[in-house]
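Novice: Generate coordinates for the sequence data below:
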Amino acid sequence: MNGAEIMSTMSIAQTNIATAADGQSSIDAIRHALRNEIAAILRGSLPSLALVPQDKVYDRVMGEPTLLAQSLRLFRSQPDLFAAAVVPSGGSFPQAETDMLRCGRSLAEAISLVVRACARRYFRTRLPMPKPRQAPRAKVSGWRSLLIGLGLAQPQSAPQSVRQPSPGDRLFQAMRAFLRFEWQVPLIPVYAVMPLEVITSLGEKLLDYRDPQKLQILAEHRSGRDFAATDQVPLLLEPASCLFHGPNDELDAETLWQVAQSMRLLALFPNIDVTGLRRMVAQIAATNPKVLQSLRPALGNDIRHFTLYLFVTLDYFGPGRYRQVMGGDVQGWVISGMTQRISSESPLSGTNEEMRIRIVGWLSQTLKAIQEDEARAAAASPQAGAKNGKK
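Specialist: The predicted model follows:
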């Protein structure tokens, strides 16, 4: 290697060292801001932190994903509170994820560091280190034992414990590259219960799932290797379109039955048994395709939401009225009211019971509005006026 090559190599090494030092200094700057200025802001703004000593705020927030999610929402909704702590000198509050902060990192980079720190702490707490396992002690012959007793030989040193990574550490290392966004913070407790093989097999596809319930379905779906090999997902993660078949997009009764079983809908309707659930499936499968075409855009393509809405509607209406409204002779004005109500509300989320309660509320409000419209129309009709005149 000649002199020029040596100088070039030294220059590259110095650059790498300087880059690493800059990276560490920026991380230290983020940590310092979080423990001091930002901790004071959060303590003064979030009631759940009002009684926490300021030097404990950072650890409390980073150890509880719920608190971190609240803190990030505050950061987004009231940026002026944080301007002095994050805005570089002479700069302005970051408007884009690529804008730089005072620490020298972009907003997106700072967020990802915080998300990873929270996940690491949570995983280690929920999936702790197993008890140290003692290495097996080698057997000592009787002759050597005698020599040790006489002081003529040194006793064998105690075996050292074999330290192994905790389940939390293994999970974090498998997920580290995919922990990047603030919307993942509420999902950290769900990530913690997912099988490691499923996380590994999903890889980057993990970011496709933002719904906690969908992640829980994956957590229960323990055939991670099968998932990776076949690229198949559980039925409840398929789109609602897989419920339909034929040229008229009619409901497929067998697929609907499989979805109902996977969703454990028997637990949602305690007054029916397996035979009753089968009967509900047959009644729903006879729904007029025109009704389904009206409901699909409003309910979206989530198979759970679509299925649950139909089952709850049948339970709420009863078989007779369900056939009358949604069967062969469609009551278009009722369907129109139902779709308008769905579209005016936020999307369904939560447990099956929580979604059932919301759907019942929508149906109740829809029917009440229709009845009020019919009453007003009847009161305004000429016949009604004539009758009132005779009285």
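Novice: Tell me, how many residues neighbour E204?
Specialist: For E204, the neighbour count with other C-beta atoms under 10 Å is 8. Bear in mind the C-beta positions are built from the backbone N, C-alpha and C, glycine included.
Novice: Pop out the phi and psi values for Q95.
Specialist: Dihedral pair for Q95: phi -100, psi -20, per degrees, to the nearest 10.
Novice: Over to P239?
Specialist: Main-chain torsions, P239, degrees, to the nearest 10: phi -70, psi 160.
Novice: I'd like the distance between the closest residue to it other than its chain neighbours and P347.
Specialist: Excluding its sequence neighbours, the residue lying closest to P239 (C-beta to C-beta, 6 or more residues apart in numbering) is N301, at 4.5 Å. For N301, the distance to P347 equals 11 Å [C-beta to C-beta, to the nearest Å].
Novice: what do you get for G203?
Specialist: G203 is 27 Å from P347, by C-beta to C-beta.
Novice: And for N36?
Specialist: The gap separating N36 from P347 is 39 Å, by C-beta to C-beta.
Novice: Tell me which of those two has more neighbours.
Specialist: Legend: neighbour count by other C-beta under 10 Å for N36 and P347, higher for N36 (15 against 12).
Novice: mind listing what the spatially closest residue to P88 that is not a sequence neighbour touches?
Specialist: Leaving out its chain neighbours, the residue that sits closest to P88 by C-beta to C-beta, 6+ apart is R102, at 4.6 Å. Taking C-beta atoms under 8 Å, 6 or more residues apart in numbering, we find R102 in contact with A29, A33, A85, V86, V87, P88, S89, G91.
Novice: same thing but at 10 Å, please
Specialist: Residues in contact with R102 (C-beta atoms under 10 Å, 6 or more residues apart in numbering) are 26, 29-30, 33, 37, 84-89, 91, 110.
Novice: For those, work out which two are farthest apart.
Specialist: Spatial extent of the contacts of R102 (C-beta to C-beta) is set by the pair S26 and A84 at 18.3 Å.
Novice: the more surrounded of those two?
Specialist: Per other C-beta under 10 Å, whichever of S26 and A84 has more neighbours is S26, with 18 against 10.
Novice: Distance-wise, check the residue lying closest to that one once chain neighbours are set aside relative to E97.
Specialist: Closest residue in space to S26, ignoring its immediate chain neighbours: G104 at 4.3 Å, by C-beta to C-beta, 6+ apart. As judged by C-beta to C-beta, G104 and E97 stand 15 Å apart.
Novice: Now that we have the contacts of R102, can you turn them into JSON lines and tack on secondary structure, pLDDT and distance to E238?
Specialist: JSON lines is the format used below for these (DSSP: H, G, I helix; E, B strand; the rest coil; pLDDT from 0 to 100; distance: C-beta to C-beta, whole Å):
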{"residue": "S26", "secondary structure": "helix", "pLDDT": "75", "distance to E238": "43"}
{"residue": "A29", "secondary structure": "helix", "pLDDT": "84", "distance to E238": "46"}
{"residue": "I30", "secondary structure": "helix", "pLDDT": "85", "distance to E238": "41"}
{"residue": "A33", "secondary structure": "helix", "pLDDT": "88", "distance to E238": "44"}
{"residue": "E37", "secondary structure": "helix", "pLDDT": "91", "distance to E238": "47"}
{"residue": "A84", "secondary structure": "helix", "pLDDT": "86", "distance to E238": "49"}
{"residue": "A85", "secondary structure": "helix", "pLDDT": "86", "distance to E238": "45"}
{"residue": "V86", "secondary structure": "helix", "pLDDT": "86", "distance to E238": "42"}
{"residue": "V87", "secondary structure": "coil", "pLDDT": "83", "distance to E238": "46"}
{"residue": "P88", "secondary structure": "coil", "pLDDT": "78", "distance to E238": "47"}
{"residue": "S89", "secondary structure": "coil", "pLDDT": "70", "distance to E238": "52"}
{"residue": "G91", "secondary structure": "coil", "pLDDT": "74", "distance to E238": "47"}
{"residue": "A110", "secondary structure": "helix", "pLDDT": "92", "distance to E238": "37"}
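Novice: Now restrict these to buried residues only.
Specialist: Buried members of the contacts of R102, scored by 16 or more other C-beta atoms under 10 Å, are S26, A29, I30, A33, A85, V86, V87, A110.
Novice: now the residues you listed as TSV including distance to L179?
Specialist: Output for the buried ones among the contacts of R102, formatted as TSV (distance: C-beta to C-beta, whole Å):
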residue	distance to L179
S26	18
A29	21
I30	16
A33	20
A85	23
V86	21
V87	26
A110	13
